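> Quick one: sequence and predicted model below, then my questions.
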Amino acid sequence: MHFERVRRLMKLRQITILGLIAVSAFAFSAVPGNPTETIKTLYAQGQFEQAYQLGRAAEFNWEGDPEFDFNYGLAAIESGHYEDAIFALERVVFLRPDILRLRLELARAHFLNENFVAARAEFQRVLDRSPPPNVQENIARFLAQMDAAQLAKRRQISGWGQLRG
């Protein structure tokens, strides 16, 4: 009796594994070739979540390709998936550390993810390269927003401590 039950469970497990393999194969076949152009098109049309989902489905096969990672990172930022954006953009920055636009987008992803220490460091790396005045002004706005958020947080903590004390 017990042997028959074990045999049925093993058969069920085999069917489950085969089903998962089939589903995975279908998912990857849904992203034929290089998906970068489609991600760019969806992004340009404002379809950020669709662009992100396409990139996410293709990431296993395409991560490390700088153009893919950059466009996937942008789509991830605009669709609110900041941690995925950070990972994708960090891969590109690692390969091309001198391209300021990449660092700016990485800094923006850190900012939106409220990792102000990392955002500030990336913004500072850009400022150290003397970017054009309009870029410096944009960075100054981000830095001011971070300073205001940190000040508000300190005030909140201070106020909470005074109420408890």
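Looks like it came in fine.
> And stretch 76-92, what's buried?
The neighbour-count check on stretch 76-92 (16 or more other C-beta atoms under 10 Å) flags 76-79, 81-82, 84-92 as buried. For every residue, glycine as well, the C-beta is placed using N, CA and C.
> For Ile139, give its distance to Phe94.
Distance check for Ile139 against Phe94: by C-beta to C-beta, to the nearest Å, it reads 21 Å.
> With Glu78 instead?
Look at Glu78 and Phe94: by C-beta to C-beta, they are 22 Å apart.
> again with Leu106
10 Å.
> could you pull out the helices for the chain?
With DSSP state H as the criterion, the chain has helices at 2-29, 36-44, 48-62, 66-78, 82-95, 100-112, 116-127, 133-164.
> circling back to that earlier point, which one's more surrounded, Leu106 and Phe94?
A direct count of neighbours by other C-beta atoms under 10 Å for Leu106 and Phe94 places Leu106 higher, at 26 against 12.
> That one touches Glu90, doesn't it?
Yes - the criterion here is C-beta atoms under 8 Å, and Leu106 meets it with Glu90 at 6.5 Å.
> CSV please, covering the helices of the chain and showing mean pLDDT.
CSV is the format used below for the helices of the chain (pLDDT from 0 to 100):
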stretch, mean pLDDT
helix 2-29, 50
helix 36-44, 97
helix 48-62, 97
helix 66-78, 98
helix 82-95, 98
helix 100-112, 98
helix 116-127, 97
helix 133-164, 82
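> Would you point to the one among these that's packed deepest?
Of the helices of the chain, the one with the most neighbours on average (mean count of other C-beta atoms under 10 Å) is helix 66-78, at a mean of 23.
> Could you list the alpha-carbon positions for it in CSV?
Provided in CSV are the C-alpha atoms of helix 66-78 (Å, rounded to 0.1, in the frame of the first residue of the first chain):
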residue,chain,number,x,y,z
PRO,A,66,24.6,47.0,-22.0
GLU,A,67,21.8,48.2,-24.3
PHE,A,68,19.3,45.7,-22.9
ASP,A,69,20.2,46.5,-19.3
PHE,A,70,20.0,50.2,-19.8
ASN,A,71,16.5,50.1,-21.5
TYR,A,72,15.3,47.5,-19.0
GLY,A,73,16.6,49.7,-16.2
LEU,A,74,14.7,52.7,-17.5
ALA,A,75,11.5,50.7,-17.8
ALA,A,76,11.9,49.4,-14.3
ILE,A,77,12.4,52.9,-12.9
GLU,A,78,9.3,54.3,-14.7
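> Report the angle between that helix and helix 82-95.
Inter-element angle recorded for helix 66-78 and helix 82-95: 150 degrees (by axes from the mean of the first three to the mean of the last three C-alpha atoms, to 10 degrees).
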